[in-house]
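A.B. asks: Give me coordinates for this.
(chains A and B)
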Protein chains: 2
Amino acid sequence: MDEAGPEIGRLIEMMAKLPGLGPRSARRAVLTMIAKKASVMEPLARAMAEAAAVVRACRVCGNIGSAELCAICSAPKRATGVLCIVEDVADLWAMERGRAFGGRYHVLGGVLSALDGIGPEELRIPALLERVADESISEVILALNATVDGQTTAHYIADQLEGANVEVTSLAQGVPIGGELDYLDDGTISAALAARRRF
Amino acid sequence: MDEAGPEIGRLIEMMAKLPGLGPRSARRAVLTMIAKKASVMEPLARAMAEAAAVVRACRVCGNIGSAELCAICSAPKRATGVLCIVEDVADLWAMERGRAFGGRYHVLGGVLSALDGIGPEELRIPALLERVADESISEVILALNATVDGQTTAHYIADQLEGANVEVTSLAQGVPIGGELDYLDDGTISAALAARRRF
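C.D. replies: The predicted structure is shown next:
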């Protein structure tokens, strides 16, 4: 993109490295920005700098926010006593979009992975065990992804919590709402059959 | 995205409005940025502000750049005398990626469109006619999109240039390189047949 000068070329290169964007969509996004410099490009640059200046991880749960305690940990109306364990902040946001959970979270920051050399000490599992002991938690909900690594991590955490006098539950597995059986994988169908309920 | 504070929420909203991004990919992009705040987010915000500060349209051709004359109009080794007419800056960049054109450009800034109320005076057509008269142009290449509006615009420009003692050409139409006949539309096949050449 030398024909547009080094500043634009650099911006396109950096945008192209964001997930979900490639060289082509980065070019399109930058041209759109430039066409609306005052209403899109300058405000976006400002918003990005402002967000970078304030964003930080919550000291308690690992969610991101702009203060030492995130918006969820500092909300008085969120129930204490029930902790929902998620892999990362994106999963926490997904749970919040479901609007079904009124308690607090604990973000692990990843899952156990022998391949990638990620053990319990790389995750926020010790902090979780401390919270369970200190905050008089009655239930820990394992909302981890239904992947091999996610489930390995779930089993590890359940093992660690044994004897801590806390109920450990996990999200139900089955047919997604709106799901068509013909398009579901065999694992989901057999999990849904094994967990069938009285209608 | 209230759970992440107003700054992050605003940033995600603004990112989601860029072409090629939606709410989901904007969330992913912002979380990636935050995870690499010093190496991705802060440099990107700076690059965007810097680009916004310097970017401007070239006085002569309408390309974008960081000076009054764009990099192409100010390059001494680019041939004068041949002008390539493109709809917008994205098309100019596409032509440059082809590395086949060594002359200069003229960016219209759109195409004629009765539906959208875009007439010749909304585009840079008067400026084009002036350039053809002033710069002793010998050939004008119409590199407009092969759409109805693009071809209408091409015909309009060719009409305006009649009597200006300039050769008016347009990009060839035919089978794209690597194209399979079975997947081409009828219009392309009949255009390629009509323009067939001795092998």
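A.B. asks: and A:Met95, which of the three is it?
C.D. replies: Secondary structure, DSSP: H, G, I helix; E, B strand; the rest coil: A:Met95 is helix.
A.B. asks: domains for chain A, by residue range?
C.D. replies: A:2-54, A:69-198 (automatic domain parsing).
A.B. asks: Ok, which of these comes nearest B:Leu83?
C.D. replies: In terms of Cβ to Cβ, the element of those nearest to B:Leu83 is domain A:2-54, at 15.6 Å. Where C-beta positions appear, they are placed from N, C-alpha and C, glycine not excepted.
A.B. asks: coming back round to it: any chance of the domains of chain A in CSV with distance to B:Met15, mean neighbour count and mean pLDDT as columns?
C.D. replies: CSV is the format used below for these (distance: least, Cβ to Cβ, whole Å; neighbours: other Cβ atoms under 10 Å in any protein chain shown; pLDDT from 0 to 100):
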stretch, distance to B:Met15, mean neighbour count, mean pLDDT
domain A:2-54, 7, 18, 92
domain A:69-198, 14, 15, 91
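A.B. asks: want to try TSV for those domains, with distance to B:Glu96 as columns?
C.D. replies: Listed next are those as TSV, based on distance: least, Cβ to Cβ, whole Å:
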stretch	distance to B:Glu96
domain A:2-54	5
domain A:69-198	37
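A.B. asks: For chain B, find the nearest of those domains.
C.D. replies: Smallest distance to chain B across the domains of chain A (Cβ to the nearest Cβ): 3.6 Å, for domain A:2-54.
A.B. asks: for that closest one, the distance to its chain's centre please.
C.D. replies: With Cα atoms, centre = their mean, to the nearest Å as the basis, domain A:2-54 stands 25 Å off its chain's centre.
A.B. asks: ok, now stretch A:167-178?
C.D. replies: 17 Å.
A.B. asks: just the helices in chain A please.
C.D. replies: A:6-16, A:23-35, A:42-54, A:89-98, A:125-134, A:148-161, A:186-194 (DSSP state H).
A.B. asks: Quick check: which of the ones you listed is nearest to A:Leu112?
C.D. replies: helix A:148-161 (4.6 Å).
A.B. asks: then the closest one to CSV, C-alphas only?
C.D. replies: What follows is helix A:148-161, C-alpha atoms only, in CSV (Å, rounded to 0.1, in the frame of the first residue of the first chain):
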residue,chain,number,x,y,z
VAL,A,148,-11.4,-32.0,25.4
ASP,A,149,-9.2,-29.3,27.1
GLY,A,150,-12.3,-27.6,28.6
GLN,A,151,-13.6,-30.8,30.1
THR,A,152,-10.1,-31.9,31.3
THR,A,153,-9.9,-28.6,33.1
ALA,A,154,-13.4,-29.0,34.5
HIS,A,155,-12.5,-32.4,35.9
TYR,A,156,-9.3,-31.1,37.4
ILE,A,157,-11.1,-28.2,39.2
ALA,A,158,-13.8,-30.6,40.5
ASP,A,159,-11.1,-32.8,41.9
GLN,A,160,-9.4,-29.9,43.6
LEU,A,161,-12.7,-28.8,45.1
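A.B. asks: Give me the helices and strands touching it, please.
C.D. replies: helix A:125-134, strand A:139-142, strand A:167-170 (3 or more Cβ pairs under 8 Å, 6 or more residues apart in numbering or on different chains; DSSP states H and E).
A.B. asks: which residues are in contact with it?
C.D. replies: Helix A:148-161 has contacts (Cβ atoms under 8 Å, 6 or more residues apart in numbering or on different chains) with A:85, A:87, A:108, A:111-113, A:120, A:123, A:125, A:128-129, A:132, A:140, A:142, A:144, A:168, A:170.
A.B. asks: how big is the angle separating it from helix A:125-134?
C.D. replies: Here helix A:148-161 points in a direction 40 degrees away from that of helix A:125-134 (axes from the mean of the first three to the mean of the last three Cα atoms, to 10 degrees).
A.B. asks: quick one: helix A:148-161 to chain centroid distance?
C.D. replies: 17 Å.
A.B. asks: Check stretch A:137-148 too.
C.D. replies: That offset, for stretch A:137-148, works out to 13 Å (Cα atoms, centre = their mean).
A.B. asks: for stretch A:63-75, same thing?
C.D. replies: 15 Å.
A.B. asks: and if you look at stretch A:54-69?
C.D. replies: With Cα atoms, centre = their mean, you get 14 Å for stretch A:54-69.
A.B. asks: anything in that stretch near chain B?
C.D. replies: Yes - under the criterion of Cβ under 8 Å from any Cβ of the partner chain, stretch A:54-69 makes contact with chain B via A:54-55, A:63-67.
A.B. asks: Drop anything exposed from these.
C.D. replies: Among those, those buried by neighbour count (16 or more other Cβ atoms under 10 Å in any protein chain shown) are A:55, A:63-66.
A.B. asks: Between the domains of chain A, which one is closest to B:Leu11.
C.D. replies: Of the domains of chain A, the one closest to B:Leu11 (Cβ to Cβ) turns out to be domain A:2-54, at 4.5 Å.
A.B. asks: Nearest to A:Met33 among the helices and strands packed on helix A:148-161 would be which one?
C.D. replies: Here helix A:125-134 is closest among those (Cβ to Cβ), at 39.9 Å.
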